[in-house]
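Participant: I'd like to go over a predicted model; first the sequence, then the structure.
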Amino acid sequence: MNKSKKLTYLILISWLSGILYGILFDLINYTIAEEYFTKNLFKENNIPNVFHNKWGTVITGIMDNWWIGILSFTGFFILFQKEPKLTIKSVIITTIVFIIISLIIPLIPPSFDLFIIWLSHVPYESFTIQYNKSVPASEQIHNIIGFFFVSAVRKLKYTGLTAGSVISFIVFIFLTKRRSLIC
């Protein structure tokens, strides 16, 4: 396979990995706290009411994250120029590592917070928000724990992406050095 074809595949795989990451990340968060999307994220992204469901979550995931794969795989483009025997198989393995690490890392700190709450035996019902009378019932948050959990996870998204990029780049270098694993 010639160099330009490999570069095209690399760009395509990087772009698709960003989209796949965004869809998975948002679907996991939607499952945890649907209210975060229906009362917050869909409005921010101007998603029509007909898509205030998992399809809207997929659209949001694509809109928010299509660029992440290209940005995260900048190191591969640099390495590609120096490593002519780069294989698509090594890029796919590295992409899988990137997606898994990037999805797991943002979940750790908020999960630890929930674990501490669970250890303290504080009932979840005690977490409520006192609303002003002017806030309509349709705008009130009912799943407080889930809403704040997803909010925290989304704030840690770029930490997960950075860790995923670094770890996947290390895996990529390891695979490139060990040609027997990727040929």
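Facilitator: Happy to help now that I have it.
Participant: could you list the low-pLDDT ranges of this structure?
Facilitator: 1, 3, 72-88, 123-133, 135, 178-183 (pLDDT under 70).
Participant: ok, which stretches of it are helices?
Facilitator: Secondary structure of the chain by DSSP state H: the helices cover 3-32, 34-36, 42-44, 54-65, 68-72, 74-82, 88-104, 108-119, 144-155, 157-177, 179-182.
Participant: for residue 61, see how far away the spatially most central residue of the chain is.
Facilitator: In the chain, the centroid-proximal residue (CA atoms, centre = their mean) is residue 25; its distance is 3.9 Å. Separation of residue 25 from residue 61 (CB to CB, to the nearest Å): 6 Å. For glycine as for every other residue, the C-beta is placed from the backbone atoms N, C-alpha and C.
Participant: now residue 168
Facilitator: 19 Å.
Participant: so for these two, which sits in the more crowded spot?
Facilitator: Between residue 168 and residue 61, residue 168 has the larger neighbour count (other CB atoms under 10 Å), namely 26 against 23.
Participant: which residues touch the residue lying closest to the more buried one once chain neighbours are set aside?
Facilitator: Leaving aside its chain neighbours, residue 168 sits nearest to residue 98 (3.8 Å; criterion: CB to CB, 6 or more residues apart in numbering). Residue 98 makes contact with 17, 21, 72, 164, 165, 167, 168 under the criterion CB atoms under 8 Å, 6 or more residues apart in numbering.
Participant: ok, residue 56 next?
Facilitator: Going by CB under 8 Å, 6+ apart, residue 56 touches 37, 42, 47, 48.
Participant: got a list of what the closest residue to the first one other than its chain neighbours touches?
Facilitator: Once its chain neighbours are removed from consideration, residue 37 has its nearest residue in residue 30; the separation is 5.4 Å (CB to CB, 6+ apart). Listed by CB under 8 Å, 6+ apart, the contact set of residue 30 reads 36, 37, 54, 57.
Participant: ok, and the most crowded of these?
Facilitator: That'd be residue 57 among those, by other CB under 10 Å, with 26 neighbours.
Participant: would you mind measuring the gap between the ends of stretch 40-48?
Facilitator: 13 Å (CA to CA, to the nearest Å).
Participant: flag every buried residue along it.
Facilitator: For stretch 40-48, burial by neighbour count (16 or more other CB atoms under 10 Å) applies to 40, 41, 42, 47.
Participant: need the contacts of residue 56 in CSV with distance to residue 137, can you?
Facilitator: What follows is the contacts of residue 56, written out as CSV (distance: CB to CB, whole Å):
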residue, distance to residue 137
37, 18
42, 18
47, 22
48, 23
